[in-house]
Each structure stands twice: as structure tokens, then as C-alpha cells.
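>>> build the 3D model from these lines:
(2 chains)
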Protein chains: 2
Amino acid sequence: MKSMELDICFSPALYPFYRKENDTVIVVDVFRASATLCAMLANGASAVITVADIEEAKQYKSRGYLVGAERNARQCDFADFGNSPYDYTREKVAGKEVVFTTTNGTRAIDAAKNAKQLFVGTFSNLEALLQKIVEVGERVVILCAGWNNRANVEDTLFGGRFAEKLSEKTTVALKSDAVKMALELWQSAKENPLEYLKNSEHYHRLIANGVESDAEYCLKENSVSIVPVYDKRSNKLIVSR
Amino acid sequence: MKSMELDICFSPALYPFYRKENDTVIVVDVFRASATLCAMLANGASAVITVADIEEAKQYKSRGYLVGAERNARQCDFADFGNSPYDYTREKVAGKEVVFTTTNGTRAIDAAKNAKQLFVGTFSNLEALLQKIVEVGERVVILCAGWNNRANVEDTLFGGRFAEKLSEKTTVALKSDAVKMALELWQSAKENPLEYLKNSEHYHRLIANGVESDAEYCLKENSVSIVPVYDKRSNKLIVSR
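Okay, here's the model as predicted:
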């Protein structure tokens, strides 16, 4: 068994204070970008181009790309898809490149693009992600997408769940205060994470936009078996081999 | 009873994303700057000049000021005091202005100087602080000093304790995810906060520097009855009237 270290960063704006050389970063945006990215690639999308702003997404759209775009939990008018994992069916995305922009998820990916490796993780690909990370065997930082750079409960909960599972599989140092806070939160929520999160800020946003049915999908473990990885050469997310 | 709102910001670097107009900010640095600042002013110091860097503190020293200076949990050689609340006895500080710089506490004060009001709070002045805040009756943000802009357990715990007590005294909205996380953490720790924190990053730093005996003082509630407030006119911390 390798020995490794795990840390959790609650906001993209804090990443500069968590970054170390040779880090592997896991970007998590539980509601909903991480699950949606996993769904696209699991359903056969050849790659995902994440872009930070709406104008850039519109330009891709005018050039014939499939575009997923969300702001404040709503699908943008011009886009083919929003930020629901159910939008991206195999019929629609298999073999195609998808352009994707969301309120928080793409910002988090941008913040950590220069890490040694960048994976996208969430409950839906937990087991596949754990296998990758055990292979990595070095320092790993879970980077929470948060909400407009504010900490949120759901991404922190995933951090706690991941820390729990990883420490079952390998020897991992969990010294960071943020990891301890996340583990504590997960202990309180684990009996029923969906119920627990019904009191969170973002769940109320999902309800306000009539998309709270996505929440159950986003919290279900191991519905896909792929891990999105950021390919530095092409500047796209692809399935990690 | 007034209706008010409480939020918690885990790091000075995140404060721009928590700030709203007319906020009252409570800067908390549990280990140990908040308790030390409270001790100085409770023991009769006429004011505290907080400075961000060591060079500026040295200049004050050369002009005859009493200077407290700490970096990484150690007293700086040139200084009269470190960051222990026990250093600042009435005999030494009564009637005098003290210049003070610490690793994280002064940075947090700097970050929020432009708030409508800025108080310094911690366990040692909890009840006095609660009274002030109930009078304020508007939006209040607890700004955690953290450690080099990273989130820490002890400041978050204080946020949870403060939220619990404030909601006993008045009607206060606790909608923020960060507040929920802090309350949850406090529930886990409240039976014995000192024992709970022995597993935290900063407690290990206190031990490494032989000053862990300060921890008990820093967690004891209501040992002083003053609240430090930032006076914009003089750029100093004074006792709030």
C-alpha cells in the first residue's frame, strides 16, 4: 500500500493556498456539473470543452457544436442542454464533442488546470475515481466548486465521503482541518444525504427552478464507471484511460 | 426582537464573496489573537494598533511603543510580547497603546476594515459580544482568520457556538451553508471543545512551541466583558462603548 495525503479546498478562490507541487486535483460540483460531465462522457461524448463565459459558448454554438450552458441553475436559452445529467443521452452525445459552461464547475476546473493531473469526481463515479486515486499515490486535493466562491454543504459532504472511502482502501494522511470538518459533516449526513441536503442553499435553488429531481441522481453512488480527466494537450476533458 | 442574519466566512481571502453593504463583521482568531486582543484591552490598554508586517512593528518599537509580535506561533525576538493572552498584564499595558501583529489575526482585520462596524470576538468575550450584536440587529458576518487563508477548525467552531447562542437570544436567519457547517461542527465538539481541538492543525503548532497551555484560556467563555471595536478615525482597536 502506498502512503498518500488528502486535502480539501472549500472554494476555487482558496486553491492558491492549498496548491502544492505535483498535486492531483479532483474538481467536485455535486449539484450538478460533476455528475453531468460524468454522464456525457459515460454516454459516449468524445470530449468536453469547458468554457468560462457565455459569449464563448455562443460562438461554439454558431460553429455547429452541441452546447450545454447553465447560469444560476437554469439552462441558457441558446443552448442545446442545461446542467441536468438526464439531458445528455447517448442518442444525443455519442461520438460528439460537447461545449459546456456552468456557474461554478467550469470556474473550478479553470482554477486548477495547471495541476499535475485534474480529475472530475462526484458520487456517481466514486468507485472509479477511488481506483484512479489509489494508483496516483501522492498528494490529492479535492477542490470544491462551491457557489460563487462560497463554501457549500454538498461539495464538502462529498469530500468527507471520499476521505472515508479512501482511508478504507489505502494509507492516507488526513491531517488537514478541512478534511476533519468534511469527515465530521459526512458522519452527520451519511444516513440520508438527500434529506440532509434538503436544508442546503443550493437545494432551494434546484427547487426554485423545478430541477430538484436531479438531486437524487447526483447523490447516487457508482452509476457510471468513468473518470473525466483534463487533457492538457487538447484543453478538453476526456475519459481517463 | 429584531430580525437579523448571520453568515460565516472561513477565510480572509473569501471575504469579498461574503461582503454585503452595511455588514457588521466579527473577526475571530481563536488561537490566539482574538483572546489576546481582548486581554490587552480588558487590562486597560488604551488602544491597539494592528499592523500587517514585521518591519512596521519594528519601527514602532524603535519609537518607544510596546510591541506584541508573533509569527508561526512564536514571539518575534525584537518584541515585548508574543501572542499569549497571559503576556499582557495590567501592570504592563494599563494606560498604554500597544502595537500588535500576528500571522493571521491582523490580516483578517485588514480584510474587513471597511465594514460598517468591525468587532473582535472569541469565547473569552462571547456574552459581551452577543449583547453588542443583538443591538446591531442587521447582517453580521463572522470572519474566521484561518491559517494562511486556509479554513481551520477552531474559528469555525466559534462560529457555530456564536450562531447557537445568538439564535437563543434573538430571531436570526441562519440560511448560509457555512453557518450550517459550523453549527454541525459545534454540535460534535461542544461536550469538550478542548479535547476536540487537540486533533487540530493549530493545536499541534501550539504544542510544538510549548504554548498549548494558552488553549484552555482561549476556549473559556466570558473571562472578559469588553468588545474590541475598530475605530476608523484613529485606525486603532479600542473598547466598544
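>>> flag every residue of chain A that's near chain B.
Taking CB under 8 Å from any CB of the partner chain, the part of chain A that reaches chain B is made up of A:10-11, A:13-14, A:17-18, A:147-153, A:156, A:175-178, A:180-181, A:184-185, A:187-188, A:199-202. Any C-beta I mention is one placed from the backbone N, CA and C, and that applies to glycine too.
>>> and the pLDDT for A:Met1?
Looking at A:Met1, its pLDDT is 50.
>>> likewise for A:Val211?
We have a pLDDT of 88 for A:Val211.
>>> residues contacting it?
For A:Val211, the contacting residues are A:Ala73, A:Gly82, A:Ser84, by CB atoms under 8 Å, 6 or more residues apart in numbering or on different chains.
>>> what segments of chain A are strands?
Ranges of strands within chain A are A:3-9, A:24-28, A:47-50, A:66-71, A:74-75, A:97-101, A:117-120, A:139-144, A:171-173, A:228-231, A:236-239, based on DSSP state E.
>>> pick the most buried one from those strands.
Mean neighbour count (mean count of other CB atoms under 10 Å in any protein chain shown) peaks for strand A:24-28 among the strands of chain A, with a mean of 28.
>>> just checking: what are the partner strands of it?
Counting by DSSP bridges, the strands paired with strand A:24-28 are strand A:117-120 (parallel), strand A:139-144 (parallel).
>>> got those strands as a markdown table, with mean pLDDT columns?
Formatted as a markdown table, those follow (pLDDT from 0 to 100):
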| stretch | mean pLDDT |
| --- | --- |
| strand A:117-120 | 97 |
| strand A:139-144 | 97 |
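>>> could you dump those into JSON lines with distance to A:Arg90 added?
As requested, the strands paired with strand A:24-28 are exported to JSON lines (distance: least, CB to CB, whole Å):
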{"stretch": "strand A:117-120", "distance to A:Arg90": "19"}
{"stretch": "strand A:139-144", "distance to A:Arg90": "29"}
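>>> among the ones you listed, which is nearest B:Ala33?
Of all the strands paired with strand A:24-28, it is strand A:139-144 that lies closest to B:Ala33, at 26.9 Å by CB to CB.
>>> what does the closest one rub up against?
Defining contact as CB under 8 Å, 6+ apart, one finds that strand A:139-144 is touched by A:4-12, A:15, A:18-20, A:22-29, A:108, A:111-112, A:115, A:121, A:133, A:151-152, A:155-156, A:158-159, A:162.
>>> can you do 7 Å?
With contact meaning CB atoms under 7 Å, 6 or more residues apart in numbering or on different chains, strand A:139-144 is reached by A:4-12, A:15, A:18, A:20, A:22-28, A:108, A:111-112, A:133, A:151-152, A:155-156, A:159, A:162.
>>> and the contacts of the longest helix seen in chain A?
Using DSSP state H to define each element, chain A has its longest helix at helix A:153-169. Identification of contacts with helix A:153-169 by CB under 7 Å, 6+ apart yields A:6, A:8, A:10, A:28-31, A:122-123, A:126, A:130, A:133-134, A:142, A:144-146, A:172, A:174, A:179, A:182-183, A:185-186, A:189, A:193, A:197, A:200, A:202, B:177, B:180-181.
>>> of those, select the buried ones using a PyMOL command.
To isolate the buried ones among the contacts of helix A:153-169 in PyMOL, judged by 16 or more other CB atoms under 10 Å in any protein chain shown, type:
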select buried, (chain A and resi 6+8+10+28+29+30+31+122+123+126+130+133+142+144+145+146+172+174+179+182+183+185+186+189+193+197+200+202) or (chain B and resi 177+180+181)
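>>> in helices only, show me the contacts of helix A:153-169.
Going by DSSP H, the helices hold A:126, A:130, A:133-134, A:179, A:182-183, A:185-186, A:189, A:193, A:197, A:202, B:177, B:180-181 from those.
>>> picking that back up, buried ones among the residues of chain A next to chain B?
Neighbour counting over the residues of chain A next to chain B (16+ other CB under 10 Å) leaves A:10-11, A:13-14, A:17-18, A:147, A:149-153, A:156, A:176-178, A:180-181, A:184-185, A:188, A:200-202 as the buried ones.
>>> run a quick neighbour tally on the nearest residue to A:Arg90 once chain neighbours are set aside.
Leaving out its chain neighbours, the residue that sits closest to A:Arg90 by CB to CB, 6 or more residues apart in numbering or on different chains is A:Asn43, at 4.3 Å. Neighbours of A:Asn43 under the rule other CB atoms under 10 Å in any protein chain shown: 18.
>>> what sits against A:Asn43?
Applying CB under 7 Å, 6+ apart to A:Asn43 gives the contacts A:Tyr88, A:Thr89, A:Arg90, A:Val93, A:Ala94.
>>> let's go with 6 Å and repeat that
Contact analysis of A:Asn43 by CB atoms under 6 Å, 6 or more residues apart in numbering or on different chains lists A:Tyr88, A:Arg90, A:Val93.
>>> related to what we said a few turns ago, which one of the contacts of A:Val211 is nearest to chain B?
Of all the contacts of A:Val211, chain B sits closest to A:Ala73, with 15.0 Å by CB to the nearest CB.
>>> measure that closest one to A:Val98 for me?
Using CB to CB, to the nearest Å, we find A:Ala73 at a distance of 19 Å from A:Val98.
>>> check A:Thr170 too.
Distance, A:Thr170 to A:Val98, by CB to CB: 33 Å.
>>> where does pLDDT dip in chain A?
For chain A, the stretches with pLDDT under 70 are A:1-2.
>>> now do 80
By pLDDT under 80, the low-scoring segments of chain A are A:1-3.
>>> just to revisit the earlier point, out of the contacts of A:Asn43, name the ones that lie in helices.
Those of these mapping onto helices are A:Arg90, A:Val93, per DSSP H.
>>> out of the contacts of A:Asn43, which end up buried?
By neighbour count, with 16+ other CB under 10 Å, those hold A:Tyr88, A:Val93 as buried.
>>> tally of neighbours for A:Glu191?
Counted by other CB under 10 Å, the residues lying close to A:Glu191 total 8.
>>> residue contacts, it?
Residues counted as contacts of A:Glu191 (CB under 6 Å, 6+ apart): none.
>>> again, but for A:Phe31
A:Phe31 makes contacts with A:Glu154, A:His202, A:Cys218, as judged by CB under 6 Å, 6+ apart.
>>> ok, and the closest non-adjacent residue to it?
With sequence-adjacent residues excluded and distances taken as CB to CB, 6+ apart, A:Phe31 is closest to A:His202, at 4.8 Å.
>>> can you say which of the contacts of A:Val211 are buried?
Listed as buried from these are A:Ala73, A:Gly82, A:Ser84; burial here means 16+ other CB under 10 Å.
>>> these two touch, right, the first one and A:Arg205?
If I follow you right, that is A:Ala73. Yes - A:Ala73 is within contact range of A:Arg205, at 4.6 Å (criterion: CB atoms under 6 Å).
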